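>>> Pasting the sequence and the predicted coordinates here, then a few questions.
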Amino acid sequence: MSKRAMPQPIVFVTGNAKKLEEVKQILASGAEELPFEVTSQKVDLPELQGASCEEIAVEKCRLAALEVKGPVMCEDTSLCYHALKGLPGPYIKWFLQSLGHDGLNKLLAGYEDKSAYAQCLFTLCAGPGKEVRVFDGRTEGKIVEARGPTDFGWDPVFEPSESGGQTFAEMSKEAKNAISHRGRALQLLRTWLVNHAETFAQEAA
Ligand SMILES: O=P(O)(O)OP(=O)(O)OP(=O)(O)OC[C@H]1O[C@@H](n2cnc3c(O)ncnc32)[C@H](O)[C@@H]1O
Ligand SMILES: [Mg+2]
């Protein structure tokens with residue numbers, strides 16, 4: 001399928017190189033091709049504190065559109081422990097940075113319930129001041145002692161329920177992307193863009 005003409009490509013704005021790597025792999029592997037070009041820009045955007053995951057994601061995308069002055073997509077990833085009523089949630093980055101994998105486990109020491117879900121909110125906006133659309137992908141699993149390569153975030157301590165006992169870190173990239181929070185959210189975004197290509201191109205014009 002040929003790409004639609006838009007004044008600018010959709011820019012995926014993120015400060016995280018590993019996210020970008022997975023997003024490229026997922027977009028390249030899908031059954032349906034995206035109707036628009038996607039490029040990327042490395043910007044570490046400020047994130048609201050004390051707000052819901054959705055509010056944080058929408059505000060970040062709004063800022064990204066202002067920064068890029070054109071169509072953008074962003075994503076926000078949360079790791080939500082059921083026993084902790086959804087925390088660390090959108091603050092997982094700071095918990096991981098300060099406490100490490102071991103600390104992420106110890107947070108649950110006083111609880112029998114080790115279950116958690118990974119959530120990815122993809123956001124899409126046609127330009128400054130335009131509507132921000134949100135696509136929510138989730139994967140249920142549990143928090144375990146770290147196993148596997150340690151090159152991406154909390155992957156070693158998250159064992160998805162559907163993985164046959166492997167942590168995200170132990171899985172192949174293809175296997176992770178097929179069941180991951182990111183793979184699912186991006187699939188929803190892709191389907192929306194395929195079905196609303198005309199609307200989105202008009203909004204961006
Ligand atoms: O610029 P942005 O896109 O915001 O990138 P970020 O690194 O700040 O990412 P988030 O704000 O979404 O914080 C999510 C944290 O979870 C980590 N993370 C995100 N996706 C992950 C995944 O699929 N597996 C493991 N860790 C992940 C990531 O490294 C961060 O520490
Ligand atoms: Mg961030």
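Cool, got the structure. Please read these numbers as outputs of a predicted model, since none were measured by experiment. Ligands and ions are numbered 1, 2, ... in the order given.
>>> For stretch 134-142, give me every contacting residue.
Residues outside stretch 134-142 that contact it (CB atoms under 8 Å, 6 or more residues apart in numbering): 54, 57-58, 114-124, 158-163, 179-189, 192. Every residue, glycine included, has its C-beta placed from N, CA and C.
>>> For ChimeraX, what selects the buried ones among those residues?
Selecting the buried subset of the contacts of stretch 134-142 in ChimeraX, with 16 or more other CB atoms under 10 Å as the burial test, is done by:
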select :57,58,115,116,117,118,119,120,121,122,123,124,158,159,160,163,179,180,181,182,183,184,185,186,187,188,189,192
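>>> If we check ligand 1, which of the contacts of stretch 134-142 are in contact?
Contacts with ligand 1 within the contacts of stretch 134-142, counted by CB under 6 Å from any ligand atom: Ser180, Arg182.
>>> Narrow the contacts of stretch 134-142 to those in helices?
When DSSP state H defines the helices, the subset of the contacts of stretch 134-142 inside them is 54, 57-58, 179, 181-189, 192.
>>> now, the most widely separated pair of the residues you listed?
Val58 and Ile179 (25.8 Å; CB to CB).
>>> who touches the residue nearest to the spatial centre of the chain in this structure?
Nearest to the mean C-alpha position of the chain, counting by CA atoms, centre = their mean, stands Cys120 at 3.8 Å. By CB under 8 Å, 6+ apart, the contact set of Cys120 is 75-78, 136-138, 180-182, 184-186.
>>> got the phi/psi numbers for Glu37?
Dihedral pair for Glu37: phi -70, psi 140, per degrees, to the nearest 10.
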